[in-house]
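Undergrad: sequence unavailable; structure follows:
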């Protein structure tokens, strides 16, 4: 039997399995209630010409404001916080705003099993 034919039969079996699973879900009373609610909600939104985000804004005004803000980091041009690293093996100190500092890269190569972030100390 060719591999395509075997694959075809396998997919047919999966389809039959999924169809029986759909039938079981459709018989579940909880599903029927959820489906009815969803359909009524969609119809209500269509009747009043409202989008999902507008409905969410009515129900959860605080959440709508937060989601419309977006998630931005610090303002552009804001300098990064400088961190002080102390190598416990040598006592060498490096102050850098970037983890890509030349000395820090050297430490990562010298101590591959160690997390250099653990060497940050409070200033």
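TA: That came in fine, so what should we check first? Bear in mind the structure is a predicted one, so any value in this text is a computation, not a measurement. Residues are numbered from 1 along each chain as shown.

Undergrad: residue 24 - how many residues pack around it?
TA: 10 (other CB atoms under 10 Å). The way it works is simple: take the backbone N, C-alpha and C, and place the C-beta from them, glycine included.

Undergrad: same deal with residue 83?
TA: Counted with other CB under 10 Å, the neighbours of residue 83 add up to 19.

Undergrad: so what's the backbone phi/psi at the closest residue to it other than its chain neighbours?
TA: Closest residue to residue 83 apart from its sequence neighbours, by CB to CB, 6 or more residues apart in numbering: residue 120 at 5.2 Å. Taking degrees, to the nearest 10, you get phi -70, psi 130 for the backbone angles of residue 120.

Undergrad: for residue 83, same thing?
TA: Per degrees, to the nearest 10, the backbone of residue 83 is at phi -110, psi 150.

Undergrad: which ones are touching it?
TA: 95-97, 120 (CB atoms under 8 Å, 6 or more residues apart in numbering).

Undergrad: kindly report the same for residue 86.
TA: Per CB under 8 Å, 6+ apart, neighbours of residue 86: 92-93, 119, 121.
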